[in-house]
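Trainee: Return a 3D structure for these sequence lines:
(2 chains)
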Number of protein chains: 2
Amino acid sequence: MNESEVRQNKITKEWVIYAPARRKRPWDFQKPEQERAQPPPPHDANCPFCPGNDHMLESITMEIKDENDNGLWGARLVPNKYPALTPSDGINRYTKGIYLAMKGFGYHDVVLETPYHNRQIGQMSVQEVERIVDVYHKRYRELMEEKANMMIIIFRNYGRRAGTSLIHPHSQIISTSMVPVYIRWREEMALRYFDEWGRCVYCEILEYEMKDGRRIIYENDHFVAFVPFAAEVPFEILIMPKIHKANFGKTSDNEKSDLALALKSILERLRKKLNDPDYNYIINTSVRYRAEEPQLHWHLLIRPRLTTMAGFEIGSGININPSIPEDDAEFLKND
Amino acid sequence: MNESEVRQNKITKEWVIYAPARRKRPWDFQKPEQERAQPPPPHDANCPFCPGNDHMLESITMEIKDENDNGLWGARLVPNKYPALTPSDGINRYTKGIYLAMKGFGYHDVVLETPYHNRQIGQMSVQEVERIVDVYHKRYRELMEEKANMMIIIFRNYGRRAGTSLIHPHSQIISTSMVPVYIRWREEMALRYFDEWGRCVYCEILEYEMKDGRRIIYENDHFVAFVPFAAEVPFEILIMPKIHKANFGKTSDNEKSDLALALKSILERLRKKLNDPDYNYIINTSVRYRAEEPQLHWHLLIRPRLTTMAGFEIGSGININPSIPEDDAEFLKND
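Mentor: Numbering: from 1, shown residues only, chains lettered A, B, ... in the order given. As a prediction, the model looks like this:
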């Protein structure tokens, strides 16, 4: 595709502008050498997440053992020291003049993915990544036990442009007592599609993409990874379970290990091919009371941070993507 | 306010989390010295927007004279050399497999705000800023003549974190042939408010804020500037006309000069108090066919780029703001 095109996201109905005049070649997106961090050491005496520094943690909520590794732990869950939300204040709304507000109810956890300060998911064994997925899954199910947790977001910020300056490999889990309009919009669009076409729009897309093949970059028994037709940013990737499930909490053991494998493979490929780009990933999963819905389908979204949202994007909600999804997929397709 | 709070945007119903545990003091947001650009020279021989380099421009669409200044032009409009959209391809939608797409129809202009390479709006005379507002206004009205321009976004990206690397003071205007869901959502919420309460929600907010006073930072005859109750980011500012108008195109000459004055004052205050922060501003105005609606109210939105959107924000659409709007307003209130 060499011409300008505007594409619609089939799930959310959002438009994305593909601007070939602003196109770069894949390698132009690679992080410049001067922006790359120094390779960190395997252990940092000042890092609260490194072994030997447990006194710097307030508490350890969960720990998964590493049987192979001389008594070091495998993965951990700890409370965030600077939480965006805390569970202390209840969920009651109140007015402030003409406005609506509430105390900030929620849990904010940090997942310590490994005891090694410098070991990223792409370089781990599948078994190590499985431990991370296990912590996500266990904590997710725990939080779902508490009614006030209306929404749970599991996410990973990697690199400064993705919003973190912490080196030690970690992800985060936040629960909130409100469902944002952004999520309700996505739900509503999926419901309308279901009511019209009688099926899950995500299943429809998955089937079409697997048949078409051009945007697929990875597949195993339970998961497919592809660049969406209306990717918001260069090298955006969805990792989607083949079996329809609205809720991440319903993931089976077999699926968990295939998710670990997919995640490891994709992240390693991004690191190698794009020179260790900053990125965010997020698990999009149904909110409370929607865990069984036939029109919702959980998935993991990866957003490399290679471009900057500017005034047009802020004002319109339309992203300008200089990169063509089919080209991005082609570039990422092979190891 | 020392405790965590979640606030609802009265216009869009979006929630914003205020996280005091992550709070910084205003001066902690100031751009570090090493991030500040070298002060640019008043003229750059390699800059296509500087006087003497007209041969580097494809064309000049509009020019406003500067009577005082030895024959130099005042402000200009030129086509963007790397347009996100072009008007050549028509507005017809088509399908690609199961997806919807279209050629990229639209205009993409650059407003050259001054012939001086290093002269920012805050440092201009009011008369100079009026010329910029005049170009916005004239071009806006021109684009509105063409039916295919469903939406027009006027915006300014200042600094690398705001998405520009061009030094020469400029803003941009993009028109599109589609209205994004994000805008339709905002319209819909304003309409519901109007149908319930019988008035424009923006007028309601303006009246309340002027009475309350805590978040107001600037006022002149025709405009009020304030930090919104549910500001998405630290030091977000709305500049809002006191007289209800849905559409920026309806702005009167008196209003134009008061807008210029407000813009100059606010941007200069941001520069002085936050050490020349990167920012975007956007004129939010009604789309085609909605120019007379009683529930819409155009305004200018300023978003300083002091924080980074991370995984939680991408996944939920909820921003975490470490800064309290009342504190931000207090800090910006006086020159």
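Trainee: Tell me if I'm right that residue A:5 and residue B:100 touch.
Mentor: No: Residue A:5 is beyond contact range of residue B:100, at 11.1 Å (criterion: C-beta atoms under 8 Å). The way it works is simple: take the backbone N, C-alpha and C, and place the C-beta from them, glycine included.
Trainee: Compare these two and say which is more crowded by neighbours.
Mentor: Neighbour totals were compared for residue A:5 and residue B:100, and residue A:5 leads with 20 against 17 (other C-beta atoms under 10 Å in any protein chain shown).
Trainee: Distance of the more buried one relative to chain B?
Mentor: 6 Å (C-beta to the nearest C-beta, to the nearest Å).
Trainee: partners of the spatially most central residue of chain A in the sheet?
Mentor: When C-alpha atoms, centre = their mean is applied to chain A, the residue found nearest the centroid is residue A:282 (1.8 Å). Going by DSSP bridges, residue A:282 is paired in beta bridges with residue A:155, residue A:301.
Trainee: and what of residue A:172?
Mentor: residue A:110, residue A:155.
Trainee: residues touching it, list them.
Mentor: Each residue near residue A:172 by C-beta atoms under 8 Å, 6 or more residues apart in numbering or on different chains is listed here: A:80, A:108-111, A:154-157, B:311-312.
Trainee: and if you look at residue A:159?
Mentor: A:37, A:276-279, A:305.
Trainee: Just the buried subset of the residues you listed, please.
Mentor: A:276-279, A:305 (16 or more other C-beta atoms under 10 Å in any protein chain shown).
Trainee: residues contacting the residue lying farthest from the centre of chain A?
Mentor: Computed with C-alpha atoms, centre = their mean, the residue of chain A farthest from its C-alpha average is residue A:97, at 37.1 Å. The neighbourhood of residue A:97, defined by C-beta under 8 Å, 6+ apart, consists of B:208, B:212.
Trainee: Same check on the one 4 residues further on?
Mentor: Contacts of residue A:101 were listed using C-beta under 8 Å, 6+ apart, and they are A:93-95, B:5-8.
Trainee: 7 Å instead?
Mentor: Contacts here follow C-beta atoms under 7 Å, 6 or more residues apart in numbering or on different chains; on that basis residue A:101 touches A:94, B:5-8.
Trainee: just to revisit the earlier point, tell me the pLDDT at the residue nearest to the centre of chain A?
Mentor: According to the prediction, residue A:282 has pLDDT 98.
Trainee: residue ranges for the strands of the stretch 51-200 of chain A, please.
Mentor: A:62-65, A:73-79, A:93-96, A:99-103, A:108-112, A:151-158, A:170-176 (DSSP state E, counting those that start in this stretch).
Trainee: what helix or strand does residue A:326 sit in?
Mentor: helix A:325-332 (DSSP states H and E).
Trainee: Return the list of helices and strands in contact with that helix.
Mentor: On a contact count with 3 or more C-beta pairs under 7 Å, 6 or more residues apart in numbering or on different chains; DSSP states H and E, helix A:325-332 meets strand A:216-219, helix A:253-273.
Trainee: Just the residues contacting the last one, thanks.
Mentor: It stands for helix A:253-273. A:121-124, A:126, A:129-130, A:133-134, A:137, A:218, A:220-223, A:225, A:237, A:239, A:241, A:277, A:279, A:302, A:304, A:331-332, A:335.
Trainee: for stretch A:291-303, same thing?
Mentor: So stretch A:291-303 is in contact with A:187, A:190-191, A:193-194, A:200, A:202-203, A:233, A:236-241, A:244-249, A:266, A:279-286, A:290, B:314, going by C-beta under 7 Å, 6+ apart.
Trainee: coming back round to it: quick check on the contacts of helix A:253-273: which are buried?
Mentor: Using 16+ other C-beta under 10 Å, the buried ones in the contacts of helix A:253-273 are A:121-122, A:124, A:129-130, A:133-134, A:137, A:218, A:222-223, A:225, A:237, A:239, A:241, A:277, A:279, A:302, A:304, A:331-332.
Trainee: Kindly provide the distance from residue A:243 to residue B:87.
Mentor: Using C-beta to C-beta, to the nearest Å, we find residue A:243 at a distance of 46 Å from residue B:87.
Trainee: before we move on, what about residue A:184?
Mentor: From residue A:184 to residue B:87 the distance is 36 Å (C-beta to C-beta).
Trainee: now residue A:5
Mentor: Applying C-beta to C-beta to residue A:5 and residue B:87 gives a distance of 15 Å.
Trainee: and what of residue A:18?
Mentor: 17 Å.
Trainee: Show me which of these two is the more surrounded one.
Mentor: Neighbours were counted for residue A:18 and for residue B:87 using other C-beta under 10 Å; residue A:18 has more, 24 against 17.
Trainee: Contacts only, for that one.
Mentor: Residues near residue A:18 by C-beta under 7 Å, 6+ apart: A:4-5, A:7, A:321, A:324.
Trainee: For the residues you listed, give me CSV that also has secondary structure and pLDDT.
Mentor: Below are these laid out as CSV (DSSP: H, G, I helix; E, B strand; the rest coil; pLDDT from 0 to 100):
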residue, secondary structure, pLDDT
A:4, coil, 83
A:5, strand, 93
A:7, strand, 97
A:321, strand, 95
A:324, coil, 93
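Trainee: which parts of the stretch 151-300 of chain A sit against chain B?
Mentor: Within the stretch 151-300 of chain A, the positions near chain B by C-beta under 7 Å from any C-beta of the partner chain are A:151, A:153, A:155-157, A:162-164, A:174, A:178, A:180-183, A:185, A:204, A:208, A:212, A:229, A:280-282, A:284.
Trainee: Kindly supply the PyMOL command isolating those of those residues that are buried.
Mentor: Selection of buried members from those for PyMOL, criterion 16+ other C-beta under 10 Å:
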select buried, chain A and resi 151+153+155+156+157+162+163+164+174+178+180+181+182+183+185+204+229+280+281+282+284
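Trainee: Go through the buried ones among the contacts of residue A:159 and say which is closest to residue A:56.
Mentor: residue A:278 (25.8 Å; C-beta to C-beta).
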